[in-house]
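[1] Sequence and predicted model, in that order:
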Amino acid sequence: METITEIRVEDLIAEFEKDCGFKQKPPWAVTSNWASKLAHPCERWLYHNRVDWEHQERRDWKGIGELGEILHDNWVMDRKAQGYRVIHAETPLSAKLRNEFLISGKIDGRIGKGTIKPVLYEFKSMNQYDYEKINTWDDIREHKRDYIRSYAGQITCYLYDQNEESGVMVIMNKMTMEWKWIIVNLDYELAEYMLKRAERTNKAVINKEPPQRIAYCQTCKSCEYKNVCLPDILNENGLEFVDMPELETKLKRMNELEPVVDEYEELEKSTVDTAKGVGKDFVVGTSFKCEIKNGTQTRLDTKAIPPDIKAKYEKEIKTQRITYIPLG
């Protein structure tokens, strides 16, 4: 008679503990300009991505990238079930862009239905907050997040490469799997801008001369190459070194608290938008009451003032901006 092995849940849990989570993929050499990043607000980033890819600050994104691929695959499967044709997946860019400009990228695919000719599309998944805010091409071009603004450059590059006047940006809510689309018309000015950036980056890499550093901003704070770029400020001529331990301690503490402040502001915006959607006082669980008070304010609509009248009252004022840049 066959012996039945005793079931021990603890043994299975031990295996779970070894295998759970996502292992980071090792970095690979970057030998081209990524179409997905050509519209990055910092041209110096493009240089560092080519030259200093081994020294980037690697972040543990867990399974966010894999989740995006899974959602895309599921979207394609559903569209095919509804009679759409989804073809030419992961199409590389043309030899011209790859060889002449060293621009690399893969087009997500083309989609059509019946007699409708398949058109180029790019698929992006995002959090619910951004999903609800993005409804037009301008919402993408003018978005506060660098990586979302870069979407515009990416699909523009693809349309230019394929010599097509229009395509579709498909965006999906990661939480609900709702999706919508934005028609994208080829922006020749943006395409030309990115080609010029690629040429300048290629030249900078050859000459080993990084582009000028942009003014320190949120882009720098979250940059993977700030550990390479910012410490180089110490080598700039003309800087005076001062010994102020108390000021340095305060600045270090401010730097530690900044992520918490950013998170608070993001959460505050999200909760306010939720309340606006409800539209009346309500209780959240048993922990919070939301009160909504409507009122009116009188404001001066400066945009409505004729330029010739506005010019009479314009005057120059001196301003001063003080920024502390963390160097390591």
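    That came in fine, so what should we check first?
[2] use CA for all of it now, contacts and neighbours both
    Will do.
[3] Now residue 89: closest residue in space, sequence neighbours ignored.
    Nearest residue to residue 89, sequence neighbours excluded (Cα to Cα, 6 or more residues apart in numbering): residue 109, at 4.2 Å.
[4] backbone phi and psi for that neighbour, please?
    The phi/psi pair for residue 109 (degrees, to the nearest 10) reads phi 160, psi -170.
[5] you'd agree it is up against residue 86?
    Yes - counting by Cα atoms under 8 Å, residue 86 is a contact partner of residue 109 at 6.8 Å.
[6] where exactly do the strands run in the stretch 101-250 of the chain?
    Ranges of strands in the stretch 101-250 of the chain, per DSSP state E, counting those that start in this stretch, are 103-104, 106-107, 109-113, 119-126, 166-173, 179-185.
[7] Need the ones you listed in a markdown table (columns: mean neighbour count).
    As requested, the strands of the stretch 101-250 of the chain are exported to a markdown table (neighbours: other Cα atoms under 10 Å):
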| stretch | mean neighbour count |
| --- | --- |
| strand 103-104 | 22 |
| strand 106-107 | 20 |
| strand 109-113 | 18 |
| strand 119-126 | 21 |
| strand 166-173 | 20 |
| strand 179-185 | 16 |
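[8] how about the ones you listed in TSV, adding distance to residue 230 and mean pLDDT?
    Shown next, in TSV, are the strands of the stretch 101-250 of the chain (distance: least, Cα to Cα, whole Å; pLDDT from 0 to 100):
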stretch	distance to residue 230	mean pLDDT
strand 103-104	26	96
strand 106-107	32	96
strand 109-113	39	96
strand 119-126	30	97
strand 166-173	34	97
strand 179-185	36	97
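[9] between those strands, which gets nearest to residue 141?
    Checking these against residue 141 by Cα to Cα gives strand 179-185 as the closest, at 11.2 Å.
[10] What pairs with the closest one, parallel or antiparallel?
    Here strand 179-185 is paired, per DSSP bridges, with strand 166-173 (antiparallel).
[11] So what touches the partner strand?
    By Cα atoms under 8 Å, 6 or more residues apart in numbering, the residues outside strand 166-173 that reach it are 119-128, 131, 155, 159, 178-186.
[12] Try it again at 6 Å.
    Residues from elsewhere that reach strand 166-173 (Cα atoms under 6 Å, 6 or more residues apart in numbering): 119-128, 131, 178-186.
[13] how many other residues sit next to the closest residue in space to residue 148 that isn't next to it in sequence?
    Spatially, and ignoring its direct neighbours in sequence, residue 148 is nearest to residue 140 (6.2 Å; Cα to Cα, 6+ apart). Around residue 140 there are 22 other residues, counting by other Cα atoms under 10 Å.
[14] can you check the one 3 residues further on too?
    Neighbours of residue 143 under the rule other Cα under 10 Å: 16.
[15] Pull the number of nearby residues for the closest residue in space to it that isn't next to it in sequence.
    The shortest distance from residue 143 to any non-neighbouring residue, by Cα to Cα, 6+ apart, is to residue 149 (5.7 Å). Other residues within reach of residue 149, judged by other Cα under 10 Å, total 21.
[16] re earlier: residues contacting the residue nearest to residue 89?
    Residues near residue 109 by Cα under 6 Å, 6+ apart: 87-89, 120-121.
[17] If we use 8 Å, what do you get?
    Each residue near residue 109 by Cα under 8 Å, 6+ apart is listed here: 86-91, 120-122.
[18] show me what contacts residue 318?
    Per Cα under 8 Å, 6+ apart, neighbours of residue 318: none.
[19] can you tell which of the strands of the stretch 101-250 of the chain is closest to residue 286?
    Comparing the strands of the stretch 101-250 of the chain against residue 286 with Cα to Cα, the closest turns out to be strand 166-173 (28.0 Å).
[20] Dump the C-alpha coordinates for the closest one into CSV.
    The C-alpha coordinates for strand 166-173 follow below in CSV (Å, rounded to 0.1, in the frame of the first residue of the first chain):
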residue,chain,number,x,y,z
SER,A,166,-1.7,59.7,-37.1
GLY,A,167,-1.9,56.9,-34.6
VAL,A,168,-3.6,56.0,-31.2
MET,A,169,-2.3,56.1,-27.6
VAL,A,170,-4.2,53.5,-25.6
ILE,A,171,-4.1,54.0,-21.8
MET,A,172,-5.3,51.7,-19.1
ASN,A,173,-6.2,52.1,-15.5
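[21] burial count for the closest residue to residue 94 other than its chain neighbours?
    Nearest non-adjacent residue to residue 94, counting by Cα to Cα, 6+ apart: residue 161, 6.5 Å away. Neighbour count of residue 161, defined by other Cα under 10 Å: 15.
[22] Residue 161 reaches residue 98, doesn't it?
    No - counting by Cα under 8 Å, residue 161 does not reach residue 98; the two are 10.1 Å apart.
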